[in-house]
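Need coordinates for the following:
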Amino acid sequence: MKIRHLSWKYESDKGLLAMVSAATKFVLGIFNICDLFPGFLEMSPAQKCIVQFGIRQKLADAGASEGSTTGKAKEAKALWDELLSEEFSEKTSRGAMSAEDKLARALEDFDAASQKLEEYLAMDDSEKRIAAKFGVSKTSIEKEIATIEKRVAKLEKEVTDSETEV
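Residues are numbered from 1 along each chain as shown. As a prediction, the model looks like this:
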C-alpha cells in the first residue's frame, strides 16, 4: 500500500496553499500563490481552483522520487523558489538524482530527524501534550529515524555496488 506523505490546505480568499505532513499534521511549507500570480485574488473561483491545483501538482511532483516527507518538502520548496526566481525554465522534471545525491539527501533527513528528536526531548510536559495532539511523540520520531536509517543503508549499498561495477 502506498504511503501518503503529504496533504494540502488551501485558503482561496488569501491565496495560500499549505503543504502538510499527512502523518504529523505539521505544516511543512506555506506557498503564497499571489507571489506567483499577483492577480490571483481577483480570479474567478474556477480559475483559482485550476491554478492552485496546478501549483499543488507541480510542487508534489518535484518530490515524487523522495522517500521521506522531509525530502518531499525540501524539493517542493526548492521548486517554489525556482518558480519565483528568474532562473526558472520550462521542464517537466527536476531530473533524476544520482545514488550519491540521494544518499546525501537521506543523511540530511537523518540529521533533521535526529534534531527533531533532540528538540522533542527538551520539551516540557505541556509542550509534549500539544505535540501529541498532532501525532508527534518520541516513538513517532524514532520510527521516522528508523525508516531513514533503512533508506541510508539501502542507498549506501547502491553507491558501493555502483563503485565496484566501474
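
Now the most centrally placed residue in the chain: closest residue in space that isn't a chain neighbour?
Closest residue to the average C-alpha location of the chain: A73 at 1.6 Å, with C-alpha atoms, centre = their mean. Computed as C-beta to C-beta, 6 or more residues apart in numbering, the closest residue to A73 that is not its neighbour in sequence is L28, at 3.9 Å. No exception for glycine: its C-beta is placed from N, CA and C like everyone else's.

ok, back up a step: mind checking how far the residue nearest to the centre of the chain is from A112?
Distance of A73 to A112, computed by C-beta to C-beta, to the nearest Å: 10 Å.

For the lengthiest helix in the chain, list every residue counted as buried.
Selection of the longest helix in the chain by residue count, based on DSSP state H, yields helix 138-165. By 16 or more other C-beta atoms under 10 Å, the buried positions in helix 138-165 come out as 140-141, 144-145, 147-148, 151-152, 155, 159.

try stretch 31-38
By 16+ other C-beta under 10 Å, the buried positions in stretch 31-38 come out as 31, 33, 37.

returning to what we had before: now the buried residues of helix 138-165 in JSON lines, with distance to G54 and pLDDT?
Shown next, in JSON lines, are the buried residues of helix 138-165 (distance: C-beta to C-beta, whole Å; pLDDT from 0 to 100):
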{"residue": "S140", "distance to G54": "32", "pLDDT": "89"}
{"residue": "I141", "distance to G54": "34", "pLDDT": "89"}
{"residue": "E144", "distance to G54": "30", "pLDDT": "88"}
{"residue": "I145", "distance to G54": "35", "pLDDT": "91"}
{"residue": "T147", "distance to G54": "31", "pLDDT": "89"}
{"residue": "I148", "distance to G54": "31", "pLDDT": "88"}
{"residue": "R151", "distance to G54": "30", "pLDDT": "87"}
{"residue": "V152", "distance to G54": "34", "pLDDT": "90"}
{"residue": "L155", "distance to G54": "32", "pLDDT": "88"}
{"residue": "V159", "distance to G54": "36", "pLDDT": "86"}
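
Alright, that wraps it up for me.
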